[in-house]
Every structure is written in C-alpha cells, then in structure tokens.
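Q: need a structure here:
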Amino acid sequence: MDKIQNKNWLVFGIVIVGIFIFVKTLNFDFVNIDDPVMIFENPAITNPNWNWSNLLSNQFPSPNYKPLTNIFWKIEYGIFGNNPMVFHLNNLILHLLNSILVFVFIGRVSTFWAPLKNNNIEIAFFCSLIFLIHPMKAESVAWVVERKDVLYGFFFLIGALSYLRYLLKDGNKWIWLIISMICLMLSVASKSTGITLFLLFILLDFHHHKNIRMWWKASFLLCFLFGILGIGFITQSEGVFSEYLIGYTSSSEYLSLPSILQIPIIFLFRMFAFVLHFFIPIYLAIVYPFDQIIGTLGYGVYAIIILGIISLYYFFKRRKETGPLNFGLFFFFITVIPALIMPVSGTNFLSDRYLYIPSIGLMFAFIGCWYYMKPSKIKWRSLFLLGLTVVLGCYTFFRLDVWKNSESLFTDLIYKFPSEEIGYTNLGYYYEKQGKDEKAMPLYNQALQINPNFHEALLNRSGIYLKRQETDLAMLDANLLIQNYSNYSKAYTNRGAIWASIGETEAAISDLNQAIKLAKYSPEAYLNKAKIYASQKDFQQALDNFNNYLNFNPFNAEVIYLKGVCQWRIGSLEEAENNIQKAISLNSKDGRFYLTLSELYYQNNKIDLARKFARSAKENNAPISTEYWNLLFGN
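A: Numbers count the residues shown, from 1 in each chain. A predicted model of the protein is given here:
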C-alpha cells in the first residue's frame, strides 16, 4: 500500500467501522455487577442534594478513586436519569475518539525510526483499527461502569500526544508540557491506572533523545512532581477494599509455593498470559477465575512463564534490530503494571479491561516490528492485516451480544466456567430483580453447591426465604453468613430484617445498628430501622431513619410516602402533604398514595380535595372502605 496522503478519509473509515460494530450497545441494559453500586444506587451520583465536593473525596462504595469519572456519571444521571442508552453512547463516543488518538499517536511515534517513516500512516491505521475492534475492547465499551477505562484512556492519549509535541517542537514548546501534565492529572482522576502516563513520558523522552538525559531534565522533575500527586489520588482509595474482597480466595490457596515466590510467579504469569490472550482472544468472559485457570493449566503456568522469559531474552539480544518492538513491549509493560500488582482476589485476575491502553504497545510491537524488519512493499502484508481486522471485527460484533443484559452476560460466564459460583449468583440475582424467585433459587443453590460459604449467594437465598416467610431457613443462612464474614454489613442488615419479621425488634435494631457501623452506605439498614420505629409509633425516630435512607435513594416513592405518613402522625401536616404529593408524582399508579392524601385532606376539612383524591384512589384500585366512601359522597 502506497503512503496515504488523505488522513481524513482513514479517520472517517475508523469512525464508520466503530459505529457499525458498537452501535448495538446503545440498546443494551445495565448489568448487575458494579453498575448498580457505582452508578444508579450510588447516592453521590443520584442524589442532587449531595455536595459536589463529595465527588472529590473517598465517598463511594468502590475500591478505587475516580472523581472525574464520578462527575461525568453525576452529570449524565442529573440530565438523563437512569437511562442506560446515554451511558452507553458516551462510552462509544470516547472509544471512537480514543481510536482516532491512537491513529495520530502511532503515526508520530513511528517517525522515531527511519525504516518506518515512509509507512507511518499505514502502521498507524492498522494499529488504530485493531485497537478499535479488538474483542477484548468489548468489556470496556459495553460495560457502563468501565467508563473509567475509556475516559482515562482519552486523557492518557491526549497527554502522550502533547508530550510528543513538547519533544518535537523547537519554539514555544512549554505550553505542551503543561498540557501533558494537566492530562496526567485528569487521567489519574478518571482511573488511578492513569499514573502510568508518567512512565510513558520517560519512555518517549528516552526514545526521542536516545540517551538518559531524561533523568536530569526539568520535564522529568515535573513529571515526578505530578506523579507524586497522582499517587496521592491513589491512596484515597485506602480502606475501601474490605467489603469488595469478602468471600474471595487468595493465590496462597492454589500455589504450593513459599509466599516470597508467589508474588513474582503471579506477576510473570499474568504478564505473559495477557500477551497470549491478546494475540489469541478466545474464551473471553467477564470473570477469569484464578483457581480454575491455575488448576487447569497446572505446570503449564510455569511453561508459559519460561516461554515468556525465553522470548524476552531473544528480543533483548536482537534489540538493535527491533527498535519498535522494544518500544511497544516497554509501552505494554509500564502501562499494565497496575494490573500485574493487584491482589489475586475476587474477579480481577486477567480481566480484558486491563488491556485497554496496554494493548496499544502490543499492537505496535507486532505491526511496527514487521514493517521495521521488512520495510519494502509487501502486498500480502496489507492484505493479511486487512483480513485480520475483518476477522477480529466480526468476532467483536458477535461477542458484544453477550453484554446485552445480565442474563446474557452471566449465562455466557456459566457456559465458559461452569464451576464459578459468581455466574450462578449474578444470574440468580437478575431473575430475582425480575420477580422470578422460582428461577433464582435453583441458581443460588447451585452456587452454594460449588462454594457453600459464598457470601452473595447466602445473602440472596436468605432474602428469598424471608420473602417466602420461611424464617427458620432464612435465619440459618444469615447466621452462617455472619459466622464466616463477621465484618460484612449486608449480613447484619439481612438478619435484622429477619428478626423484625418475627417480632424480635430489639435484636433487629442491634443488627441494623451493627450494619451501619460497619458500612456507612447501608440504606436498607436505615429503611428497616425506620419501619420498625414506625410500627412502634416512634415516628420521630422513624423519620430520622427515613431521611437517612433518602440520602441514598432520594426518588423512592414508597419511602417518601411512608415519610409523609409519619409526618402526618406527628402533626406536620404541610410537610406530610408535600411528601405524599411528591410520592404520587414519582408513582402515579399506587392507589394507596391517593387514599392517604384524601384522608389527610378530610381530617383538615378540605372536603373537595378529599373527594378528588378518593376518586383517584378508586381509579387506581386502592382498598377504600364503603364507610369512608359514603362519608365523602353519601349513600
């Protein structure tokens, strides 16, 4: 392929391909892993009364610090509400922009090596196209909560391009250094992984100047300063991992090695497994269970590590012949480091999303090295790369269907890893939220057959038992949960609800208070306390707890209605009227709301209004007594 002069057509082609493949995600739903807790059940996002300054502090039920991502979510939710299409659309737009930025970045980086200069546009095009459509990108684009990937990637790439302008521009270039530093901070504020941009600055500096002058340059000192500030962002997340990691195992249970050897073994295995999975993207899933992967591979773990080390040694020996390869591999390594050093717990072992930016290095290592070693025109090379992009694009197009909703996502996980309890539990939870408890219960039972102590399955099964009024079975699960996970706040909320259902209000309040003590974000605990106090006619205590609940979920019509009823009982008639009216505005189909408002108006001798809302109550099937109806309208 001759050098293409009209870059705009290539960019246009990248955008069209991206839209064609990913536009279906606009019709996808949220999924019930992380999306609820981080977005539409997160009071800092959903409650308009929460101070925006809270978005800059560690005020979220999440094991990482991402204030800028939270700000974006809050703006979207504030304008469009709980509409998944808007969140998916913005993920797609950012991914398309990032693909264009990759095109520009690779085009400029390629000029570092003379054999690539004549083909830099072609190299950039194929790298950006593969970045756009690689199957492992499906997770970062189709999963709403992974906004942090596409957002940090956006500022990461702008920062990298700005730093390149700083390196290549002879005139007033300090403005580009300042822009790159601002982008570093914005990238870190979107996802803590953005701190690796600081290391990329060093890598770019070194490859541009071909020496180690970066160690004394003012730019490096500024990078270091901003890097320290970025690390300060990361430390904001300290202390919020505990509830996320409840119930998950560590590597020590599966590797019969001294602890001092486990860390480097897992580090190396992860690194080389990421590389293999990128080039052979099969068996993709939302979760890659550490125990099953290690158990299946056995000694193959060490074979992968040895093969990787031999490959690195080979490339090191030929480093003078493979400049782009070295740059690409270093790019990959420095940007994937955060994923390599994460604790092996929960669902974070080999997640596809961790390669969102690091994959740029792998693409350039492969394509750039090929052009570097064979710079002459080779027709079949272009045909091969075009064919590869077609295959990857088709794979991604069909892979995206898995992300349509929680049912398709976790059905896929169960198919891929039938011995992974997370799949059954999350699929069961999806059915439970749909009101299909009869389909959810067998899935929870299956999860508990695999892992009898899995906390989420125990919690959810106990909840269904409680709904069925099988309190003895519900209490068995609740006690087992607390016995195994004494710091799990939801376990105490659940048991508190069980105590309340059998009239043991003192024990219920004790458990609910413990839940709140363990986790500030315990809306259900506040709600259950409020209902207990209301049943005891302690309406002021009930109001306090309803208010605490509404700090988390300010648009819950049922709770706003109950709050209004309590205000009526203590004589705050105006506040009661306003809240019941608000509940009706949020849910106009619940006849109880109209009936209660009618009774309130009748008590205050507002007979016309009482009749008006009594009619509305009857239209919405409220159980109006004949006596009250005759009182309003006569016989």
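Q: my guess is residue 367 contacts residue 123, does it?
A: Yes. Residue 367 is within contact range of residue 123, at 5.6 Å (criterion: Cβ atoms under 8 Å). Yep, even glycine has a C-beta here, placed from its N, CA and C like the rest.
Q: Now do residue 460 against residue 156, distance only.
A: 38 Å (Cβ to Cβ, to the nearest Å).
Q: more neighbours, the two?
A: residue 156 (29 against 25; other Cβ atoms under 10 Å).
Q: for residue 520, phi and psi?
A: phi -60, psi -30 (degrees, to the nearest 10).
Q: Oh, that last question was meant for residue 536, not what I typed.
A: phi -90, psi 0.
Q: who's in contact with it?
A: Residue 536 is in contact with residue 505, counting by Cβ atoms under 8 Å, 6 or more residues apart in numbering.
Q: now do 10 Å
A: 505, 509, 542 (Cβ atoms under 10 Å, 6 or more residues apart in numbering).
Q: again, but for residue 113
A: Per Cβ under 10 Å, 6+ apart, neighbours of residue 113: 120, 207, 322-324, 327, 368, 371-372, 375.
Q: Report pLDDT for it.
A: With respect to pLDDT, residue 113 scores 78.
Q: how much space between it and residue 326?
A: 10 Å.
Q: what touches both of those two?
A: 207, 368.
Q: Need the overlap of contacts for residue 367 and residue 123.
A: 106, 110, 116, 324, 385.
Q: Next, format those residues as TSV and append secondary structure and neighbour count.
A: Shown next, in TSV, are the shared contacts of residue 367 and residue 123 (DSSP: H, G, I helix; E, B strand; the rest coil; neighbours: other Cβ atoms under 10 Å):
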residue	secondary structure	neighbour count
106	helix	26
110	helix	26
116	helix	25
324	helix	26
385	helix	21
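Q: By pLDDT, give me the weakest of these.
A: Out of the shared contacts of residue 367 and residue 123, that is residue 116, at 77.
Q: sorry, back to before: got a markdown table for the contacts of residue 536, with pLDDT and distance to residue 349 too?
A: Listed next are the contacts of residue 536 as a markdown table, based on pLDDT from 0 to 100; distance: Cβ to Cβ, whole Å:
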| residue | pLDDT | distance to residue 349 |
| --- | --- | --- |
| 505 | 92 | 44 |
| 509 | 94 | 40 |
| 542 | 93 | 45 |
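Q: Please tell me which one of those counts the most neighbours.
A: residue 542 (25 neighbours).
Q: Hmm, residue 564 and it touching each other?
A: No. Taking contacts as Cβ atoms under 10 Å, residue 542 lies outside contact range of residue 564: 11.7 Å.
Q: buried stuff in the one helix or strand residue 77 maps to?
A: Using DSSP states H and E, residue 77 sits within helix 67-80. Buried residues in helix 67-80, counted by 16 or more other Cβ atoms under 10 Å: 67-74, 76-77.
Q: Show me where the stretch 501-635 of the chain has its helices.
A: 505-518, 523-535, 539-552, 557-569, 573-586, 591-603, 607-619, 626-633 (DSSP state H, counting those that start in this stretch).
Q: need the helices for the stretch 1-150 of the chain, in chain order.
A: Using DSSP H, counting those that start in this stretch, helices in the stretch 1-150 of the chain cover 7-22, 35, 43-46, 67-80, 84-109, 120-133, 138-142, 147-168.
Q: least reliable of those helices going by mean pLDDT?
A: Taking the mean pLDDT of those, helix 43-46 comes last: a mean of 80.
Q: Once you drop chain neighbours, what's closest to the residue nearest in space to the middle of the chain?
A: The geometric centre of the chain, computed from its C-alpha atoms, lies nearest to residue 145 (Cα atoms, centre = their mean), at 3.2 Å. Excluding the flanking residues, the one nearest residue 145 by Cβ to Cβ, 6 or more residues apart in numbering is residue 34, at 4.4 Å.
Q: Residue 573 too?
A: residue 604 (6.4 Å).
Q: was I right about the one you found contacting residue 598?
A: No. Using Cβ under 10 Å, residue 604 is not in contact with residue 598; the gap is 11.1 Å.
Q: Name the residue in those two with the higher neighbour count.
A: Neighbours were counted for residue 604 and for residue 598 using other Cβ under 10 Å; residue 598 has more, 26 against 12.
Q: which residues sit in contact with the nearest residue to that one once chain neighbours are set aside?
A: Residue nearest to residue 598 in three dimensions, not counting chain neighbours: residue 613, with 3.8 Å by Cβ to Cβ, 6+ apart. Going by Cβ under 10 Å, 6+ apart, residue 613 touches 580-581, 584, 591, 593-602, 606, 622.
Q: that older thread, how much does the helix holding residue 77 deviate in direction from helix 147-168?
A: Helix 67-80 and helix 147-168 are oriented at 120 degrees to each other (axes from the mean of the first three to the mean of the last three Cα atoms, to 10 degrees).
Q: Do you know the pLDDT at the residue nearest to residue 21 when sequence neighbours are not counted?
A: Sequence neighbours aside, residue 397 is the residue nearest to residue 21 in space, at 5.1 Å (criterion: Cβ to Cβ, 6+ apart). Model confidence at residue 397, given as pLDDT, is 95.
Q: again, but for the one 10 residues further on
A: Looking at residue 407, its pLDDT stands at 94.
Q: In stretch 282-289, which residues are buried?
A: For stretch 282-289, by 16+ other Cβ under 10 Å, it's 284-289.
Q: I'd like those residues written out as a markdown table, with pLDDT added.
A: Output for these, formatted as a markdown table (pLDDT from 0 to 100):
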| residue | pLDDT |
| --- | --- |
| 284 | 90 |
| 285 | 90 |
| 286 | 90 |
| 287 | 86 |
| 288 | 84 |
| 289 | 81 |
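Q: Before I go, just wanted to say thanks for your time.
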